[in-house]
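Trainee: Structure of the sequence below:
(2 chains)
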Amino acid sequence: QVQLVQSGAEVKKPGASVRVSCEASGYTFISHNITWVRQAPGQGLEWMGWIRPYYGDTHYAQKFQGRVTMTTDTSTNTAYMELRSLRSDDTALYYCARTPLGAFDIWGQGTMVTVSS
Amino acid sequence: DIVMTQSPDSLAVSLGERATINCKSSQTILYSSNNKNYLAWYQQKPGQPPKLLIYWASTRESGVPDRFSGSGSGTDFTLTISTLQAEDVAVYYCQQFYGTPGTFGQGTKLEIK
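Mentor: Now for the predicted structure:
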């Protein structure tokens, strides 16, 4: 079946970087954008940016410009999101989502990133 | 950025009754060239990722029960659950995908009265 499987939880110190992976299966990976969305504990959903696996181009929310990099490896059908210079307010559940029409039809299970000294 | 505002923030409805959630965008999200509203609705249950219910404001995602319906155009939208079931307890989010970033509403928590 169509699914996105994300990497496991991470604990990082302030100032460090984190890379989250998202492996796709059950569909043609290069056919649909992947968007990254995060959710701080007890809070709402925040759109971070997307990547088009076929072209490798990206579009990031201005808030994350300069701190985030999204990439894909089409040989393994995996998308990656790297966030640098982590702060405590980056503590959140990070989701990848398939984006065929702009809406998100398939979501990963989420990766908890905790930033703490 | 387009701001999405949902109302109410929380809602308690009796089983079998109708639940209505509203969503307003700060600018139109109706694309005139194809007459489509770039709005989606999601349901999120505790400990789970969001689930797509509705896109193009009124198109039900495959497998979503027909008690869920979406309506509206331009800047004002509504999600209706016609007869509330116990499994519908969740937080509901609207999201615009007309522009980037694809902003979400703040969420509406739906509970059983």
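Trainee: Ramachandran coordinates for the residue nearest the centre of chain A?
Mentor: Within chain A, the residue whose C-alpha comes closest to the C-alpha centroid is A:Trp36; the distance, by Cα atoms, centre = their mean, is 3.7 Å. Dihedral pair for A:Trp36: phi -110, psi 130, per degrees, to the nearest 10.
Trainee: What's the local residue count around the closest residue to it other than its chain neighbours?
Mentor: Distance criterion Cβ to Cβ, 6 or more residues apart in numbering or on different chains; nearest residue to A:Trp36, sequence neighbours excluded, is A:Met48 at 4.3 Å. (Each C-beta comes from the backbone N, C-alpha and C, glycine too.) Taking other Cβ atoms under 10 Å in any protein chain shown as the neighbour definition, A:Met48 ends up with a count of 22.
Trainee: Quick check: A:Met48 touching A:Gln39?
Mentor: No: the pair A:Met48 / A:Gln39 is not scored as a contact, 10.8 Å apart, by Cβ atoms under 8 Å.
Trainee: in chain B, which spans are strands?
Mentor: In chain B, strands defined by DSSP state E lie at B:4-7, B:10-13, B:19-25, B:30-31, B:36-37, B:39-44, B:51-55, B:59-60, B:68-73, B:76-81, B:90-96, B:108-112, listed in chain order.
Trainee: beta partners for the closest residue to B:Thr5 other than its chain neighbours?
Mentor: Closest residue to B:Thr5 apart from its sequence neighbours, by Cβ to Cβ, 6+ apart: B:Lys24 at 5.0 Å. For B:Lys24, the beta-bridge partners under DSSP bridges are B:Thr5, B:Asp76.
Trainee: Wait, B:Lys24 touches B:Thr75, no?
Mentor: Yes: taking contacts as Cβ under 8 Å, B:Lys24 lies within contact range of B:Thr75: 5.9 Å.
Trainee: Export the strands of chain B as JSON lines, with columns for mean pLDDT and mean neighbour count.
Mentor: Formatted as JSON lines, the strands of chain B follow (pLDDT from 0 to 100; neighbours: other Cβ atoms under 10 Å in any protein chain shown):
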{"stretch": "strand B:4-7", "mean pLDDT": "98", "mean neighbour count": "17"}
{"stretch": "strand B:10-13", "mean pLDDT": "98", "mean neighbour count": "14"}
{"stretch": "strand B:19-25", "mean pLDDT": "98", "mean neighbour count": "20"}
{"stretch": "strand B:30-31", "mean pLDDT": "97", "mean neighbour count": "14"}
{"stretch": "strand B:36-37", "mean pLDDT": "98", "mean neighbour count": "22"}
{"stretch": "strand B:39-44", "mean pLDDT": "98", "mean neighbour count": "26"}
{"stretch": "strand B:51-55", "mean pLDDT": "98", "mean neighbour count": "22"}
{"stretch": "strand B:59-60", "mean pLDDT": "98", "mean neighbour count": "16"}
{"stretch": "strand B:68-73", "mean pLDDT": "98", "mean neighbour count": "18"}
{"stretch": "strand B:76-81", "mean pLDDT": "98", "mean neighbour count": "20"}
{"stretch": "strand B:90-96", "mean pLDDT": "98", "mean neighbour count": "25"}
{"stretch": "strand B:108-112", "mean pLDDT": "98", "mean neighbour count": "17"}
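Trainee: and those as a markdown table, adding distance to A:Thr71?
Mentor: Formatted as a markdown table, the entries for these read as follows, by distance: least, Cβ to Cβ, whole Å:
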| stretch | distance to A:Thr71 |
| --- | --- |
| strand B:4-7 | 29 |
| strand B:10-13 | 39 |
| strand B:19-25 | 31 |
| strand B:30-31 | 30 |
| strand B:36-37 | 31 |
| strand B:39-44 | 26 |
| strand B:51-55 | 25 |
| strand B:59-60 | 32 |
| strand B:68-73 | 34 |
| strand B:76-81 | 34 |
| strand B:90-96 | 24 |
| strand B:108-112 | 35 |
